[in-house]
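A.B. asks: Any chance you could fold what I've pasted below:
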Amino acid sequence: MAMLRQVKAGVGALVALYLPAHAMAQDGPTAQQILFEVRQNQTEQHREVEGQLRVEDRVMPFRLTFNGEEIRYAFTNPPQTLILKLGESGSQLFDQTKGSAQKISPARFDEKVRDTDIAYEDLALRFLYWPKARIDGEELKLTRRCWKLHLEPATRTESSYAVVLLWVDKESGAFLQAEAYGADGKIKKRFKITSSKQMRIEELSGLNSRDKSPTYLEIQKR
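C.D. replies: Below is the predicted model:
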């Protein structure tokens, strides 16, 4: 339980993924019910944390603000503010760096955030709304029993990912790992919590490949 409390308190970062959650239904939820729980818990958050993206010796600080259905990433040097809005049926990502907020279109979803392994599509969390979802059993992650979800977009043109595998803690609803696959069946991206205050993001080209300079998303503990 100590590790679970650390995971909840420390890594509240990339978006809905590591935040405290209500206990899942004991009689067995559906995949869509699990996704709804993750989204619902995110919109209940109201707090600010300091964090950073790190790639080798390059560090990019940011302030992360959770305000209900809105999540704000405020970077410095150079200044950039990204705003994620979570709705009932979908999410929208905006760039408010210059004046009014400009919606980031799907045409830009493949672009990298601050030249890291994180793409705009990753920040948009659109896979949490995908209609094709099933439970592929249970697995252990960080010694926690997790639901393993298999998610697919409604159409192939909707995302650069054909499949996302998502591991969600059965007891807390916390997201502990995700893997994104392309249409060719090869893994493209892996998001994995490695400690109570750190997530590693890797850009890959197959299961046996490795990212020699992964991106780390790190949150300061309070």
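A.B. asks: C-alpha from now on. contacts and neighbour counts both.
C.D. replies: OK.
A.B. asks: Show me what secondary structure element comes after the lowest-mean-pLDDT helix or strand in the chain.
C.D. replies: Within the chain, no helix or strand scores below helix 2-10, which has a mean of 41 by mean pLDDT, DSSP states H and E. In the C-terminal direction, the helix or strand that comes right after helix 2-10 (DSSP states H and E) is helix 31-43.
A.B. asks: Tell me the gap between that next one and the middle of its chain.
C.D. replies: What separates the centre of helix 31-43 from the centre of its chain is 13 Å, taken as CA atoms, centre = their mean, to the nearest Å.
A.B. asks: helices or strands up against that helix?
C.D. replies: Using 3 or more CA pairs under 8 Å, 6 or more residues apart in numbering; DSSP states H and E as the contact test, the elements touching helix 31-43 are strand 132-141.
A.B. asks: Check which strands are paired with the strand it packs on and give the direction for each one.
C.D. replies: Strand 132-141 has the following sheet partners, assigned by DSSP bridges: strand 144-152 (antiparallel).
A.B. asks: Next secondary structure element downstream of the strand it pairs with?
C.D. replies: strand 163-169.
A.B. asks: what residues does that next one touch?
C.D. replies: 127, 139, 141, 144-153, 174-183 (CA atoms under 8 Å, 6 or more residues apart in numbering).
A.B. asks: Quick check on those residues: which are buried?
C.D. replies: 127, 141, 144-153, 174-182 (16 or more other CA atoms under 10 Å).
A.B. asks: Pull the number of nearby residues for residue 173.
C.D. replies: 25 (other CA atoms under 10 Å).
A.B. asks: Going forward, count from 161.
C.D. replies: OK, 161 is where the count begins now, so the last one is residue 333.
A.B. asks: Identify the residue spatially nearest to residue 307, adjacent ones excluded.
C.D. replies: residue 298 (4.8 Å; CA to CA, 6 or more residues apart in numbering).
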